[in-house]
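Got a predicted model here, sequence first, then my questions.
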Amino acid sequence: MTIQQLLKTAPVTTLLLASFIGLFVMQLVTGVDANNPSTESLLNWGANALPYTMQEQPWRLVSSAFLHIGLMHLLFNGFAMYFFGQIAEPMFGSAKFLALFLLAAIGGNLLNNYVTWQSIIEGTGQPGLSAGASGGIMGIGAALLIAALFKISVNGMVLNLKSLIFIMGINLVYGFAVPGIDNAGHIGGAITGLVIALAFAIGYRQRLAVAMQNVASEQAQRLQPYQTNYSYSTHDNSSYNSQYSGQYREQHDNQGRYDANSIDQSPHLDANSTEQDTAVANNETNTSDIYADSVNTINSPLNNGTVHNSIEPEALKKPSVIWQLLPWLAMLLISIGFVWWWQDIHQQLLQVLKAIE
């Protein structure tokens, strides 16, 4: 993927990579060693260090995520950001992706400081410093892991869960096996990314369920028979009835003429039989009139253009706003929790310093 394509697909990822490289170049210009930068230079450029971060410089929780300790550290994190970012940013959106990276980086640095502080209290450790985007990148990787677990697609493609587990496992094992790696930062970033991604996945599932219901409703409406309007007017009924009655009477008249000829030609028929035939003819005529009246009676409810079989289309459902805001609410709660966590360690540190004095 070219730089232009990456900038179009994942602009925040491109800017993060540019900031990593730009900050490293600025360090080199000011005389910082490219492979073994000194502790003093790293502190000057914003590394995370408990005595500074947990007292008056909490901004180091963020600045240290853009600072790298040597060229190899930059290349490793840069490649991981490029690999994860071009997938995660289109999935979560640029704003959520940036917030995810920053909160995961802060969560990793806070856990690092907490572990360091606990080891100092127990007398088994000492203050150190940490830097790098590893915590934020591990948070992005953990978020992609949740996305693969919930089968969230990216441009129609579902992530490979086994591959992501393998990559995340290698990073964690590497952190435990190699000395000097901020494994607490990795774990803290991964946990933060998991929580944020869970909120995103739950909201995504709820919105997807509503969308599928709407699609099913639209398909059901398309499969219904076409609406038919049955319109009957009084004029049509009259013409139909008169035509039918006329045809019936015409047949009766022909039958009557046939009967009359039969009477004339048959010398054995008497007057009584003639009267019976006349009664039958009158009866048939009345029957036709009754049938015509019955047609009018049956069709009367359908007169004046009455419409039948009309079905109102169901209104499409909209997903609740809470599901769209759920990731932001989760990140807000996490931010509040981080502030409280920093305040707690900060107060403990101040109490110990006062006790020493």
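On my side now, so go ahead.

Tell me how far the helix or strand containing residue 95 lies from the chain's centre.
Per DSSP states H and E: residue 95 is located in helix 94-122. Computed by C-alpha atoms, centre = their mean, to the nearest Å, the chain-centroid distance of helix 94-122 equals 28 Å.

longest helix anywhere in this structure?
Using DSSP state H to define each element, the chain has its longest helix at helix 183-223.

Can you tell me which helices and strands it packs against?
helix 94-122, helix 134-149, helix 161-177, helix 321-356 (3 or more C-beta pairs under 8 Å, 6 or more residues apart in numbering; DSSP states H and E). C-beta: built from backbone N, CA, C; applies to glycine.

same for the shortest one, what does it pack against?
In this case it means helix 134-149. Partner elements for helix 134-149 (3+ C-beta pairs under 8 Å, 6+ apart): helix 71-92, helix 94-122, helix 161-177, helix 183-223.

Determine which stretch of the ones you listed is the most buried.
helix 94-122 (a mean of 22; mean count of other C-beta atoms under 10 Å).

can you tell me the average pLDDT over it?
What helix 94-122 shows for mean pLDDT is 95.

Ok, stretch 134-146 next?
Stretch 134-146 shows a mean pLDDT of 94.

likewise stretch 59-71?
Averaged over stretch 59-71, pLDDT sits at 95.

So which bits of it are buried?
By neighbour count with 16 or more other C-beta atoms under 10 Å, stretch 59-71 contains the buried residues 60, 61, 62, 63, 64, 65, 66, 67, 68, 69, 70.

before we move on, what about stretch 43-58?
Of all the residues in stretch 43-58, those buried under the rule 16+ other C-beta under 10 Å are 43, 45, 46, 47, 48, 49, 50, 52, 53, 54, 58.

ok so, going back, tell me the angle the longest helix of the chain makes with helix 94-122.
Interaxial angle of helix 183-223 relative to helix 94-122 (axes from the mean of the first three to the mean of the last three C-alpha atoms, to 10 degrees): 150 degrees.

Residue 49 - nearest residue in space that isn't next to it in sequence?
residue 129 (4.2 Å; C-beta to C-beta, 6 or more residues apart in numbering).

quick one: that neighbour from residue 82, how far?
According to C-beta to C-beta, to the nearest Å, residue 129 and residue 82 sit 26 Å apart.

Equivalent analysis for residue 46, please.
Taking C-beta to C-beta, one finds residue 46 at 23 Å from residue 82.

Residue 170 too?
Distance, residue 170 to residue 82, by C-beta to C-beta: 17 Å.

OK, contacts around the residue nearest to residue 49?
Residues near residue 129 by C-beta atoms under 8 Å, 6 or more residues apart in numbering: 39, 42, 43, 47, 48, 49.

Thought residue 130 was touching the fourth one, still the case?
Put plainly, it is residue 47. Yes - the pair residue 47 / residue 130 is scored as a contact, 6.8 Å apart, by C-beta atoms under 8 Å.

about what we covered before: farthest pair in the buried residues of stretch 43-58?
Maximum pairwise distance among these (C-beta to C-beta): 18.7 Å, between 45 and 54.

Give me the helix or strand of the chain that scores worst on average pLDDT.
Ranking every helix and strand in the chain by mean pLDDT, DSSP states H and E puts helix 271-299 at the bottom, with a mean of 43.

Quick check on residue 49: phi, psi?
phi -140, psi 130 (degrees, to the nearest 10).

actually residue 130, not the one I wrote
Per-residue torsions, residue 130: phi -140, psi 160 (degrees, to the nearest 10).

Same check on residue 57?
The phi and psi torsions at residue 57 (degrees, to the nearest 10) take the values phi -130, psi 60.

What distance do you get for it to residue 24?
Counting by C-beta to C-beta, the separation of residue 57 from residue 24 is 21 Å.

In this protein, where is pLDDT below threshold?
For the chain, the stretches flagged by pLDDT under 70 are 1, 154-157, 174-180, 224-316, 319.

residue nearest the centroid of it?
The chain has residue 204 as the residue nearest its centroid, 3.5 Å off, counting by C-alpha atoms, centre = their mean.

Which strand or helix spans the closest residue in space to residue 106 that isn't next to it in sequence?
Distances taken as C-beta to C-beta, 6+ apart place residue 61 nearest to residue 106, at 4.7 Å, with adjacent residues excluded. Using DSSP H and E, the element containing residue 61 is helix 60-63.

From the rest of the structure, what touches that helix?
Helix 60-63 is contacted by residues 45-49, 52-53, 102, 105-106, 109-110, 342 when judged by C-beta under 8 Å, 6+ apart.

Can you lay out those residues as TSV showing distance to residue 30?
Formatted as TSV, these follow (distance: C-beta to C-beta, whole Å):
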residue	distance to residue 30
45	9
46	13
47	15
48	20
49	19
52	20
53	22
102	25
105	24
106	26
109	24
110	29
342	30
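
Out of the helices and strands packed on helix 183-223, which gets nearest to residue 87?
For those, the distance to residue 87 is smallest for helix 134-149, at 6.4 Å, taking C-beta to C-beta.

buried stuff in that closest one?
Applying 16+ other C-beta under 10 Å to helix 134-149 flags 134-148 as buried.
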